[in-house]
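*Asks:* quick one: sequence plus predicted model below, questions after.
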Amino acid sequence: MPRIFNFFLFVLALAAEPADIIWSARYVITMDAQRRVIENGAVAIRGDRILAVGTKAEIDAHFQPKLRLDRPDAILAPGLINTHTHAAMSLFRGIADDLKLQDWLEKFIFPAEAKNVTADFVRWGTRLGCLEMLLSGTTTFTDMYYFEDVVAEAAREAGMRGVLGETIIGFPVADNKTPADALAYTERFLKRFQNDALITAAVAPHALYTNSDETLKAARALANKYQAPLIIHLSETKKENDDELAKRHTTPTKTLDNLGLWNGRSVAAHAVWVDEADMAILKSRGVGVAHCPSSNMKLSSGVAPVTRMLALGLAVGLGPDGPAGSNNDFNMFEEMDLAAKLQKVTTMNPQALPATAALEMATIRGARALGMEKEIGSLETGRRESSEGLEKNSGGGRPFRRAGSSGRAGAESQLRPQP
Ligand SMILES: [Zn+2]
């Protein structure tokens, strides 16, 4: 009998496909089309791609890894996807709290940026941001700031995936004195990071109210020339809507549609003050939405109609927004928690946004918002390796009843290094 068993193992070893790593865990949350949660699961990885996902027994039978990480008490899940932030602003944390957006921006942030922002500031601020993001399970972040090439270097150094765009704004800033300069900078940036494994270069006009129509049109044209995503703040505050209604009698979403801004891959951050007609436009143009509940609550901006957006099938992801005043951290577990609770309390319906829907927003739906769902957001064969391991038995995770709803149980996560 032992001899037959040994022979069996020998045949298995011969048949086994090489893998770089096998990671096994008590639960593997796949976020695949069936939303499978595999008990005693494992993932086999080669290079930066997932070879297979299955039970530990299946994966061990088919693959021979160079390295293995067995975490029998952990949950393995897709790395979280931050769809909107300004990472380097971590160095401004605590500079101004308890203010409305316009006061916060105009009286504190814009002047502080004019005085302090340099390439070095951005490098260290982004490094701190990446550290915090990695420690709370985020492996992809979407950023809009200045010296964005330095942000890209810091992201690569941290092994993080970035969708990054240089802010294009209608007044002089540290690295670009005019929107034309910022557009030229963006084109160089797009060329430098074409086909990069970790960096997706984007075009990032700050907002409708901080840019001319000509700049916005040029930004769209540039994004389409390089098949890059365009990221923009949209209808964050009531004031932004009121001003546009007074000026042109249309909502910001409609104005931008009239300008052709949505004619291509786009991500709109906030979308708090959008009505049915706006949501229909966003849906028909395939615009991804970055919902930022912490920021919207802290700046009293309002509550985005996320339940309605999800019912319409919009691709809604989550973002912590800036870590200075509009939030004070990068924790995506907090965003999941607040996104769900905000919808529950404002609709007085506990099923308005279930835990699984919040997790979808932080993973596969966030990937869809960025137009990257074929690459990231789920643990499936062929996807890029990008996962997080959560401690199931941390204090907040006990008693453990259901993978995917243990809230902040896994806020301290251990990330797999990336290529
Ligand atoms: Zn923002």
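*Replies:* Yes, it's here.
*Asks:* for whatever helix or strand residue 360 lives in, what is the distance to the chain centroid?
*Replies:* Element membership for residue 360, per DSSP states H and E: helix 355-362. Computed by CA atoms, centre = their mean, to the nearest Å, the chain-centroid distance of helix 355-362 equals 13 Å.
*Asks:* elements contacting that helix?
*Replies:* Secondary-structure packing of helix 355-362 (3 or more CB pairs under 8 Å, 6 or more residues apart in numbering; DSSP states H and E): strand 316-318, helix 332-347. Where C-beta positions appear, they are placed from N, C-alpha and C, glycine not excepted.
*Asks:* domains for this protein, by residue range?
*Replies:* Domain ranges of the chain: 2-78+379-415, 80-369, per automatic domain parsing.
*Asks:* show me where the stretch 101-250 of the chain has strands.
*Replies:* Secondary structure of the stretch 101-250 of the chain (DSSP state E, counting those that start in this stretch): strands at 138-145, 161-168, 199-205, 230-234.
*Asks:* let me have those in JSON lines, extended by mean neighbour count.
*Replies:* Listed next are these as JSON lines, based on neighbours: other CB atoms under 10 Å:
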{"stretch": "strand 138-145", "mean neighbour count": "28"}
{"stretch": "strand 161-168", "mean neighbour count": "28"}
{"stretch": "strand 199-205", "mean neighbour count": "28"}
{"stretch": "strand 230-234", "mean neighbour count": "27"}
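*Asks:* turn the ones you listed into CSV, including distance to residue 82 and mean pLDDT.
*Replies:* Supplementary listing: the strands of the stretch 101-250 of the chain in CSV, determined by distance: least, CB to CB, whole Å; pLDDT from 0 to 100:
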stretch, distance to residue 82, mean pLDDT
strand 138-145, 4, 97
strand 161-168, 9, 98
strand 199-205, 13, 98
strand 230-234, 12, 98
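*Asks:* can I get the ones you listed in JSON lines including distance to residue 59?
*Replies:* Below are the strands of the stretch 101-250 of the chain laid out as JSON lines (distance: least, CB to CB, whole Å):
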{"stretch": "strand 138-145", "distance to residue 59": "21"}
{"stretch": "strand 161-168", "distance to residue 59": "24"}
{"stretch": "strand 199-205", "distance to residue 59": "30"}
{"stretch": "strand 230-234", "distance to residue 59": "37"}
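*Asks:* show me the contacts for residue 185.
*Replies:* Neighbouring residues of residue 185 by CB atoms under 8 Å, 6 or more residues apart in numbering: 148, 166, 175-176.
*Asks:* closest to residue 259 out of these?
*Replies:* For these, the minimum distance to residue 259 (CB to CB) is 20.1 Å, reached by residue 166.
*Asks:* bridging residues for the closest one?
*Replies:* For residue 166, the beta-bridge partners are residue 145, residue 203 (DSSP bridges).
*Asks:* that one contacts residue 204, correct?
*Replies:* Yes. In this structure, residue 166 is within contact of residue 204 by CB atoms under 8 Å, at 6.1 Å.
*Asks:* quick check: neighbours shared by the two?
*Replies:* Residues within reach of residue 166 and of residue 204 at once, by CB under 8 Å, 6+ apart, are 144, 148, 186.
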